[in-house]
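Undergrad: Got a predicted structure here, sequence first:
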Amino acid sequence: MEATAKGGFVLGNLAEVVERVLGFLPTKALLRAACVCRLWRECARRILRARQRVAWVSALEPGPAESHALVRALARELEKVHVLPQTVLYIADAETFSGHEECHEQKKARKRNSKETAIALEKLLPKRCQVLGLVTPGIVVTPMGSSSNQPQEIEEGEAGFALLFPKIDGVKIHTFHFSKDLKNRVFDESKFAEAGLKNNPDLRVVLLFGYNSWKSGATRFLHQIVNPLNEKSIILAGGQVESFTSLTSENNNAQPGDACGVVGLAFSGPQIQSATVLLDQDVADERTAEAAMQRLKAANIPERNTIGFMFACVGRGYRHYKTKRNMEADAFRKFFPNVPLFGFFGHGEIGCDRIVTGNFVLRECNDIKDDLLHGYTTVMTLIHLGSTKANQA
């Protein structure tokens, strides 16, 4: 009884001990523990503030037909993650995201609705979390467990991932959406400032994703978005996707429509460093793919607390290299063995060779205005989110 009383006193009064014990809990369990008393709540808040490393959930294997593999993986793994997501980017394969599921009561197959799948994913995430969801023809994903796991190019079949960004000191991440106005051919550039993409000296990286690119005027509209943002102090990268399935934030809860448009994520903060390289049509074997990765390596972007993105044309991958699968992801891992890689195969790519370093000095191959829209290429991107003590915890 005396030992129990002493233990109760320690866990009810000594913050250092409580914080040490609670630090072993995943986020969901930690939030439940925070309801016990004021001391535990304050300790839980300090622990959550210190958890500033990006986490991810990946789904590589198909399963039962009633839900997409990413929904099942997210439901399972969110019980284990050690971050509180503030922003989530999820990407899934377009074919099975709205594929077929079997309805036993009616004894017939019915089409899985992409909206239902998106809602199921959103319900798993915190209510105040901003979410951007995309579906694409193919997926590039690093399996869960370690950033050094071998990234996979999944050109066919059920797959997906969710990147979980916590609140990071000195970094702001926000979603944006521009939809083509069918009544007006000229884009109102004041919307850039409203979205935090202009008059923002801390803006470092913009990931852009065009959707419904087959629509009339889609390419022209994408140029209207990309060209004003083509500044040497900003990394632009991304590509054309099938569609967006989720876009939620405090000021923006958009639904996919029939018009074409652009969605994306903007990364702002003085500590952010980033670089991109373009693998053009001439990159057609292992040697030239590795040469491109050497250019990216030469940017000297810090690799701790860094994420890699790969945006490739559906015509690349095994169809392009022929002799070997996973060529570009393997080349990336050779030079960046501890940086997780994510991305997709899409219908067009956005990016160029561009480097923004920690002192904000840009180094480019030339001074000519870069052409950012491409086809039959791959864009590789590194985003470093800073190296604060909290990030290293």
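TA: Great, that's in hand.
Undergrad: The closest residue to L279 other than its chain neighbours and A331, how far apart?
TA: With C-beta to C-beta, 6 or more residues apart in numbering as the criterion, L279 has its nearest non-adjacent residue at 4.1 Å, and that residue is T378. Where you see a C-beta, it was placed from the backbone N, CA and C, and this is true even at glycine. T378 is 10 Å from A331, where distance means C-beta to C-beta, to the nearest Å.
Undergrad: Name the residue in those two with the higher neighbour count.
TA: Each of T378 and A331 has its neighbours counted (other C-beta atoms under 10 Å); T378 has more, 28 against 23.
Undergrad: Was I right to think that one contacts G346?
TA: No - using C-beta atoms under 8 Å, T378 makes no contact with G346, being 10.4 Å away.
Undergrad: what do those two both touch?
TA: With contacts defined as C-beta atoms under 8 Å, 6 or more residues apart in numbering, the residues shared by T378 and G346 are F311, A312, C313.
Undergrad: List the residues that contact the last one.
TA: C313 is in contact with F345, G346, H347, G348, E349, G375, Y376, T377, T378, counting by C-beta under 8 Å, 6+ apart.
Undergrad: what does the second one give?
TA: By C-beta under 8 Å, 6+ apart, the residues touching A312 are 138, 140, 153, 239, 328, 343-346, 349, 377-379.
Undergrad: between the residues you listed, which is nearest R45?
TA: G343 (34.1 Å; C-beta to C-beta).
Undergrad: And for the closest one, the neighbour number?
TA: Residue neighbour count, defined by other C-beta under 10 Å, stands at 29 for G343.
Undergrad: That one - that's part of a helix, no?
TA: No - if the criterion is DSSP: H, G, I helix; E, B strand; the rest coil, then G343 is strand and not within a helix.
Undergrad: doesn't V140 make contact with it?
TA: Yes - under the criterion of C-beta under 8 Å, G343 makes contact with V140 at 3.9 Å.
Undergrad: Find residues that contact each of those two.
TA: Common neighbours of G343 and V140 (C-beta under 8 Å, 6+ apart) are M310, A312.
Undergrad: OK, contacts around the closest residue to E61 other than its chain neighbours?
TA: Nearest residue to E61, sequence neighbours excluded (C-beta to C-beta, 6+ apart): A69, at 6.4 Å. Applying C-beta under 8 Å, 6+ apart to A69 gives the contacts A59, L60, E61, P62, G63, T96, E158, A159, G160.
Undergrad: quick one: which of these sit in strands?
TA: Counted as lying in strands by DSSP state E, out of the contacts of A69, are A59, G160.
Undergrad: and of the contacts of A69, the nearest to L132?
TA: G160 (13.4 Å).
Undergrad: What is the burial count for the closest one?
TA: There are 29 residues near G160, going by other C-beta under 10 Å.
Undergrad: Over to N227?
TA: By other C-beta under 10 Å, neighbour count at N227 equals 11.
Undergrad: helix or strand right after the helix or strand where it lies?
TA: N227 is part of helix 218-229, with elements assigned from DSSP states H and E. Note on helix 218-229: by DSSP H and E, the next helix or strand toward the C-terminus is strand 235-240.
Undergrad: Remind me what the helix or strand following that next one packs against, helices and strands.
TA: The C-terminal neighbour of strand 235-240 among helices and strands, as given by DSSP H and E, is strand 243-248. For strand 243-248, the packing partners by 3 or more C-beta pairs under 8 Å, 6 or more residues apart in numbering; DSSP states H and E come out as helix 114-124, strand 130-136, strand 172-179, strand 203-211.
Undergrad: ok, now with 7 Å
TA: On a contact count with 3 or more C-beta pairs under 7 Å, 6 or more residues apart in numbering; DSSP states H and E, strand 243-248 meets helix 114-124, strand 130-136, strand 203-211.
Undergrad: Contacts for it next, please.
TA: 114, 118, 121-122, 130-135, 175, 177, 209, 211-212, 254, 256, 263 (C-beta atoms under 7 Å, 6 or more residues apart in numbering).
Undergrad: the inter-axis angle of that strand versus helix 114-124?
TA: Using axes from the mean of the first three to the mean of the last three C-alpha atoms, to 10 degrees, the inter-axis angle of strand 243-248 relative to helix 114-124 is 30 degrees.
Undergrad: Packing partners of whichever helix or strand comes after strand 243-248?
TA: Note on strand 243-248: by DSSP H and E, the next helix or strand toward the C-terminus is strand 261-268. Secondary-structure packing of strand 261-268 (3+ C-beta pairs under 7 Å, 6+ apart): strand 172-179, strand 203-211.
Undergrad: one more time with 8 Å, if that's ok
TA: Partner elements for strand 261-268 (3+ C-beta pairs under 8 Å, 6+ apart): strand 130-136, strand 172-179, strand 203-211, helix 218-229.
Undergrad: how far off strand 235-240 does the helix or strand that it is followed by point, in degrees?
TA: Using DSSP H and E, the helix or strand that follows strand 261-268 towards the C-terminus is strand 273-279. Interaxial angle, strand 273-279 versus strand 235-240 (the same axes, to 10 degrees): 50 degrees.
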